[in-house]
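1. Pasted the sequence and its predicted model underneath.
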2 protein chains.
Amino acid sequence: MAQRRGRPGYDQDSLLAVVVEVFNERGYDGTSMEDLSARLGISKSAIYHHVSGKEELLRLSVGRALDALFAVLDEPQAVSGRAIDRLEHVVRRSCEVLVKELPFVTLLLRVRGNTAAERAALARRREFDRIVTDLVRLGEEEGDIRRDVDPALTARLLFGMVNSLSEWYRPDRGLAAQDVADALAKIAFKGLTESRDPTVTGA
Amino acid sequence: MAQRRGRPGYDQDSLLAVVVEVFNERGYDGTSMEDLSARLGISKSAIYHHVSGKEELLRLSVGRALDALFAVLDEPQAVSGRAIDRLEHVVRRSCEVLVKELPFVTLLLRVRGNTAAERAALARRREFDRIVTDLVRLGEEEGDIRRDVDPALTARLLFGMVNSLSEWYRPDRGLAAQDVADALAKIAFKGLTESRDPTVTGA
């Protein structure tokens, strides 16, 4: 109703929701301001009213994913208790962030580092990985996590599973974030063969 | 020595090795025959001597990855024995294929389906996923795999871990395919917390 002359009215969130779609479809490098203008249905100068240019749109988009992921690391269950439980919390909540912010995390995971905004995003991803690796290492020291795999490799494989959601998760197929998080936590922490354990009765 | 007039001489393998690099750097859609001609150091007509065009180059490149992955499914250890052991064999060997054919599998995993060649590749990926899902289901029926996760979801998460190699594995960092396969199999099949099991002694 606040739209004038038939133009869509955008705030930053609704602008980014469209922009991230175009980035994911065409790739960041393959997207021009003209492409964004056409999809948004507003002029390039109207986009420049919101942001300084394409790179700021990337920074804001991947920033939304990174902020959500880093917020998980500050949650009470991620900062106190045994490392194994903190790690499981981080993994489960990261699954939920991927589902909630799927296009933004998908864009983040495809960033390759050609611009300053991309290199900054990659640096924050490495920082996240380092924190997860430290949790794995602490879990080993506390005797809760198997010591026969390098912590950095464990962290990568664990988040390989989490990040794969960006490839196959579709919000319209009735699988809730919680279901994915439960399945992933069972496989990663207990293993596929847990049912072989004679102390566990089959479902 | 067989090169004439200073032109590099390519056979199909050496041609594809360069082409797949360019596709991975620029994206398939973002790569023109001019880009390929420039990188290969041969004319476009020289490329057409090898193939009918860009789409055939994609078909051959992803075909190399798919053929290697499907060959794993036909290996003796993938076709006889208990499903859990067949599944572990497929997972381990897929890790090895990813390491050996890294740029080709990376390209395959990025295919989105805009052309006939891409749609054909996606169809073969789905066929691979279906075969892995069937192995998981059979492993559940044989009582070796936990029954509290949907087999298709288990297959996706398992190969989420495997496919993540295309994101972080670097051949020059001294981590052998076998090391990755061992770590992945331990985490996926036994779980991160196996050391909690009192019947297992720590390493």
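-> Arrived safely. Because the structure is predicted, anything quoted here is derived from the model rather than measured.
2. tell me the SS of A:Gly9?
-> Secondary structure state of A:Gly9, per DSSP: H, G, I helix; E, B strand; the rest coil, is coil.
3. Quick check: pLDDT value at it.
-> A:Gly9 is assigned 85 on the pLDDT scale.
4. Could you give the number of residues near it?
-> If you count neighbours by other C-beta atoms under 10 Å in any protein chain shown, A:Gly9 ends up with 11. Every residue, glycine included, has its C-beta placed from N, CA and C.
5. Over to A:Leu108?
-> Number of residues near A:Leu108 (other C-beta under 10 Å) recorded here: 27.
6. was I right about it contacting A:Arg125?
-> Yes - contact between A:Leu108 and A:Arg125 holds when scored by C-beta atoms under 8 Å: they sit 7.2 Å apart.
7. touching chain B at all, stretch A:15-32?
-> Yes - contact of stretch A:15-32 with chain B (C-beta under 8 Å from any C-beta of the partner chain) involves A:Arg26, A:Gly27, A:Asp29, A:Gly30.
8. CA-only coordinates of that stretch in CSV, if you can.
-> The C-alpha trace of stretch A:15-32 is given here as CSV (Å, rounded to 0.1, in the frame of the first residue of the first chain):
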residue,chain,number,x,y,z
LEU,A,15,15.8,-6.6,-1.0
LEU,A,16,18.3,-9.2,0.2
ALA,A,17,15.8,-12.0,-0.1
VAL,A,18,15.5,-11.4,-3.8
VAL,A,19,19.2,-10.5,-4.3
VAL,A,20,20.4,-13.8,-2.7
GLU,A,21,18.2,-15.8,-5.0
VAL,A,22,19.7,-14.2,-8.1
PHE,A,23,23.3,-14.7,-6.7
ASN,A,24,22.5,-18.4,-6.1
GLU,A,25,21.0,-18.8,-9.6
ARG,A,26,23.6,-17.0,-11.7
GLY,A,27,26.6,-17.0,-9.3
TYR,A,28,27.9,-13.8,-7.7
ASP,A,29,30.4,-13.2,-10.5
GLY,A,30,27.8,-13.9,-13.1
THR,A,31,25.3,-11.4,-11.7
SER,A,32,25.3,-7.8,-12.8
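9. Tabulate the residues of stretch A:15-32 next to chain B (a markdown table), appending distance to B:Ala78 and pLDDT.
-> Output for the residues of stretch A:15-32 next to chain B, formatted as a markdown table (distance: C-beta to C-beta, whole Å; pLDDT from 0 to 100):
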| residue | distance to B:Ala78 | pLDDT |
| --- | --- | --- |
| A:Arg26 | 38 | 87 |
| A:Gly27 | 36 | 86 |
| A:Asp29 | 39 | 85 |
| A:Gly30 | 39 | 84 |
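10. Nearest residue to A:Thr133 in space, ignoring adjacent ones along the chain?
-> A:Ala155 (4.3 Å; C-beta to C-beta, 6 or more residues apart in numbering or on different chains).
11. quick one: contacts for that neighbour?
-> The contact partners of A:Ala155, by C-beta atoms under 8 Å, 6 or more residues apart in numbering or on different chains, come to A:Asp129, A:Val132, A:Thr133, A:Leu135, A:Val136.
12. Would you mind measuring from the residue nearest the centre of chain A to B:Gly30?
-> The residue lying closest to the centre of chain A (C-alpha atoms, centre = their mean) is A:Val105, at 3.7 Å. With distances taken as C-beta to C-beta, to the nearest Å, A:Val105 is found 22 Å from B:Gly30.
13. Could you do A:Val149 as well?
-> Noted for A:Val149: a distance of 37 Å to B:Gly30, by C-beta to C-beta.
14. These two: which has the busier surroundings?
-> A:Val149 (21 against 14).
15. Let me know the secondary structure of that one.
-> Applying three-state DSSP: A:Val149 is coil.
16. Need the pLDDT of it.
-> 92.
17. cool, and A:Asp197?
-> A:Asp197 is given a pLDDT of 47.
18. Same check on A:Leu192?
-> At A:Leu192, the model reports a pLDDT of 86.
19. Give the burial count for it, as a bare number.
-> 29.
20. so who does it touch?
-> By C-beta under 8 Å, 6+ apart, the neighbours of A:Leu192 are B:Ile84, B:Gly139, B:Ile145, B:Arg146, B:Thr154, B:Leu158, B:Ala188, B:Phe189, B:Gly191.
21. mind running it again at 6 Å?
-> B:Ile145, B:Ala188, B:Phe189 (C-beta atoms under 6 Å, 6 or more residues apart in numbering or on different chains).
22. could the residues you listed be laid out in CSV, adding pLDDT, neighbour count and distance to B:Ala116?
-> Below are the contacts of A:Leu192 laid out as CSV (pLDDT from 0 to 100; neighbours: other C-beta atoms under 10 Å in any protein chain shown; distance: C-beta to C-beta, whole Å):
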residue, pLDDT, neighbour count, distance to B:Ala116
B:Ile145, 94, 27, 37
B:Ala188, 94, 24, 35
B:Phe189, 93, 22, 38
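23. export the residues you listed to TSV and tack on secondary structure and distance to B:Glu55?
-> Below are those laid out as TSV (DSSP: H, G, I helix; E, B strand; the rest coil; distance: C-beta to C-beta, whole Å):
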residue	secondary structure	distance to B:Glu55
B:Ile145	coil	40
B:Ala188	helix	36
B:Phe189	helix	39
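24. contacts with chain A among those, please.
-> B:Ile145, B:Ala188, B:Phe189 (C-beta under 6 Å from any C-beta of the partner chain).
25. In the longest helix along chain A, which residues are buried?
-> Secondary structure of chain A per DSSP state H: the longest helix is helix A:116-141. Within helix A:116-141, the residues scored as buried using 16 or more other C-beta atoms under 10 Å in any protein chain shown are A:117-118, A:120-121, A:124-125, A:128, A:132-133, A:135-140.
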